[in-house]
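> coordinates for the following, if possible.
(chains A and B)
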Amino acid sequence: MEEKIEKNPEIVGFACSYCTFKASEMAGSLRMKYPEGVKLIQVPCSSRVDPAFVIKAILEGADGVFVAGCHPGDCHFIKGNFFTRRKIAALKEMLDAFGMKDRLRLFWVSAAEARRFIEKVTGMYNEIKEKKNGG
Amino acid sequence: MKIGVFICHCGHNIKHTVDVETLAEYFRKYPHVAVSDDYPFLCSEPGQNMITDSIEQHGLDRVIVASCAPSLHGELFKDLLRKKGVNPFLLRRVSIREHCSWVGDDVEENTEKAKRLILSGLYGSAHYVPLEEKQVEVNKSALILGGGVSGLSAALFLSNMGMQVYLVEQAAELGGRVRELKSVWPSRKAGADIIAGMENELRGRDNAAVFTSSKLSNFEGFFGNYQATVATPDGEERFAVGGVVVAIGFEPFDPQIKPELFYGRDPRIVTTLDLERSGDGLKLPDNPRVAVLHCVGSRDEQIGRPYCSRICCINALRAAEAVKERFDGSYVESFYMDMRAHPRGGEEFFEDTQEKGVLFTRGNIAEIVPEPQGIVVRGEDTLFGEVFEREFDLVVLSIGMSAPATGKEVANLLKISLDKDNFFLEAHIKLRPFDTAVKGIFIAGSCSGPKDVEESINHGRASALKLYGFLNLGYAFVDPFISVVDPKRCSGCRVCEQACVARAIKFDEEKHIAHVEEAACMGCGLCNATCPSSAISLRGYVDTVIADEISGLLEAM
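Numbers count the residues shown, from 1 in each chain, chains lettered A, B, ... in the order given. Now for the predicted structure:
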């Protein structure tokens, strides 16, 4: 029987510099592990993420894209993440038309939640990996 | 364009899981990369010299430093560029330690990831333009939230340095929890006396305004120029402050959260704090049997308090000692998980208490049953592996510290973060323990995690000193990451105006275009992502930078 080669997904994450990026730094300092396929781009606020960036990443080959910001109500810029939430919801509907809704995720991770960051990105990675490998 | 790529080994921290030599070699072949090198510690003096020498030798106009997280050593590398006359915003930091070498184990995979991350930085930095930091004047004044022992010591320090201080306390009098302590270990001084000394000193100063029964109701502005509104009993007060020290303290753990302890339902079950307040009035039989329970509200996952409160072991020892001293024939038994008498002299105090006849049993308490003749305590002795059952006349709960009740409210007003236990989160646990993520806002005392009196005083002074260091110059530089409108592209649709939370975008009716008021812009970039004509750009994070960073991460190579 031919041995199946596992394909690893590439995931691009947009991380708010006040919370999720801080959480990812903390996760690093605590030597928590997550898949190498997850790579971050630091943005000042999750609201800086133009839906065009998400589409660009998917077009260029990302298997998954996530946007991560502060919990609703905790935004350093007062309500930037509310705008993000609405934009991502609209974008998800659009992606749904192409059957790519699952490629985009939005989640909230505060600066203290290193563990949650790991759980969210690993969870997303594993689900996408399963799909990519025909699961 | 001449780019220098510098890759740090960070001793073994990066090198052990990332092949740094291969990386340096790889980037040498990229166009515009004039120099690509690796070095054991870029932050060391020879490492810094290597960067400055390369800038000089190759005439670099972009510097990429692949090392630790950008929040560390940020100014250090910027200064190197400044020193050589290169705009500091042409520096790009790539985190290959916290985001690569520390989070993966496979050398090959990690090297590949680091390659991508650096490439992303390389592509992004190609679009960097020199930015000017604007110099703004700062108010040499400080707002201190909380008039407890750490807030008072911060206020005393700052007012002593000639800075205007506004101290806001929500209770009617200053002193916080320390005021309630009868004798503060190890000096045995009364808490009220310690506070009175500090309060008198502060009240005697012209440059300190104290507001009791007051609370912060609104807070806006930016570093050096914050506007604070405080609700006082005499109405609202507004003042401009340069920075803030948050010292709102803690909340004693309420044992009623654990109903199995019967606290509040049986007068024979008291907390260490009750003992401080009204211990002298306690009615006990002649040869009282007293149990002291450690770790009540600490190291308890079930009630969401997994942390050690650090102060309660000493408190428990003090309670045991106090009973032993007052009642000659008393039987005092202390049930502990682990004895953590960490302050200086704590271990000796523990031994003294044992010599005074207090028994220590390492055990888990399973059950407390109040009976008319006494309180039955059942549990397991974890050293002997035996189950025990004993009867006591008094049970003292050594309660821990919980996060401040107003923590969430204050965090929202000041836009600072809380940690998982709802204490305030510091910017970096080791390197910036007093700072928050917001410039000019510092945390002090037990609102950032359990601390004893001595530590709280030191913490207050340290935060005050750091704030003083920020404000003393009288001016500060503000981040140049603000939005700017391209008037040629702006269609005047006014979408950005509605989106802007900071109300920094104003519409010019005459020219029919939007413009950004620089001082008000917070730099979130929401307008940039919202503008349908791509007419607004957030400096430092313009569309092309982020778009090319994406390409760097994903490009086929």
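> isn't residue A:72 right next to residue A:85, touching?
Yes - between residue A:72 and residue A:85 there is a contact at 7.1 Å, judged by Cβ atoms under 8 Å. C-betas here are computed from N, CA, C, even on glycine.
> and those two? Which one has more around it.
Using other Cβ atoms under 10 Å in any protein chain shown as the criterion, residue A:72 and residue A:85 rank with residue A:85 on top: 18 against 12.
> list the contacts of that one.
Shown in contact with residue A:85 (Cβ atoms under 8 Å, 6 or more residues apart in numbering or on different chains): A:72, A:106.
> in the longest helix anywhere in chain A, which residues are buried?
In chain A, with assignment by DSSP state H, the single longest helix is helix A:114-132. Neighbour-count burial for helix A:114-132 flags A:114, A:116, A:117, A:118, A:120, A:121, A:124, A:125, A:128, A:129 (criterion: 16 or more other Cβ atoms under 10 Å in any protein chain shown).
> quick one: name the residues of the stretch 101-250 of chain B near chain A.
B:102, B:103, B:104, B:105, B:106, B:109, B:110, B:112, B:113, B:116, B:117, B:120 (Cβ under 8 Å from any Cβ of the partner chain).
> in JSON lines, list the residues you listed along with pLDDT, neighbour count and secondary structure.
Shown next, in JSON lines, are these (pLDDT from 0 to 100; neighbours: other Cβ atoms under 10 Å in any protein chain shown; DSSP: H, G, I helix; E, B strand; the rest coil):
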{"residue": "B:102", "pLDDT": "96", "neighbour count": "25", "secondary structure": "coil"}
{"residue": "B:103", "pLDDT": "95", "neighbour count": "25", "secondary structure": "coil"}
{"residue": "B:104", "pLDDT": "93", "neighbour count": "22", "secondary structure": "coil"}
{"residue": "B:105", "pLDDT": "93", "neighbour count": "13", "secondary structure": "coil"}
{"residue": "B:106", "pLDDT": "94", "neighbour count": "11", "secondary structure": "coil"}
{"residue": "B:109", "pLDDT": "94", "neighbour count": "17", "secondary structure": "helix"}
{"residue": "B:110", "pLDDT": "95", "neighbour count": "22", "secondary structure": "helix"}
{"residue": "B:112", "pLDDT": "95", "neighbour count": "19", "secondary structure": "helix"}
{"residue": "B:113", "pLDDT": "96", "neighbour count": "25", "secondary structure": "helix"}
{"residue": "B:116", "pLDDT": "96", "neighbour count": "20", "secondary structure": "helix"}
{"residue": "B:117", "pLDDT": "96", "neighbour count": "22", "secondary structure": "helix"}
{"residue": "B:120", "pLDDT": "96", "neighbour count": "25", "secondary structure": "helix"}
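> greatest separation within the residues you listed: which pair is it?
Spanning the widest gap among these are B:105 and B:120, at 22.1 Å by Cβ to Cβ.
> count of neighbours near whichever residue of the stretch 1-150 of chain B sits closest to chain A?
Closest contact between the stretch 1-150 of chain B and chain A, by Cβ to the nearest Cβ, is at residue B:98 (2.9 Å). By other Cβ under 10 Å, 24 other residues sit near residue B:98.
> now it: closest residue in space, sequence neighbours ignored.
Once flanking residues are discounted, residue B:98 sits nearest to residue A:28: 2.9 Å by Cβ to Cβ, 6 or more residues apart in numbering or on different chains.
> the one you found reaches residue B:72, doesn't it?
No - counting by Cβ under 8 Å, residue A:28 does not reach residue B:72; the two are 11.1 Å apart.
> between those two, which is the more surrounded one?
The neighbour comparison of residue A:28 against residue B:72 (other Cβ under 10 Å) goes to residue A:28, with 22 against 18.
> ok, that one to residue B:420 distance?
17 Å (Cβ to Cβ, to the nearest Å).
> one more: residue B:413?
21 Å.
> so which of those two has more stuff around it?
residue B:413 (19 against 15).
> for the stretch 401-550 of chain B, which residue gets nearest to chain A?
residue B:525 (3.2 Å).
> what score does that residue have for pLDDT?
Residue B:525 is assigned 94 on the pLDDT scale.
> show me where the chain has its helices.
Since no chain was named, I'll use chain A. Using DSSP H, helices in chain A cover A:20-29, A:51-59, A:80-96, A:114-132.
> oops, I was thinking of chain B
Using DSSP H, helices in chain B cover B:20-28, B:45-58, B:74-83, B:107-125, B:149-160, B:191-203, B:272-278, B:312-326, B:346-355, B:407-414, B:453-471, B:495-499, B:526-530, B:543-554.
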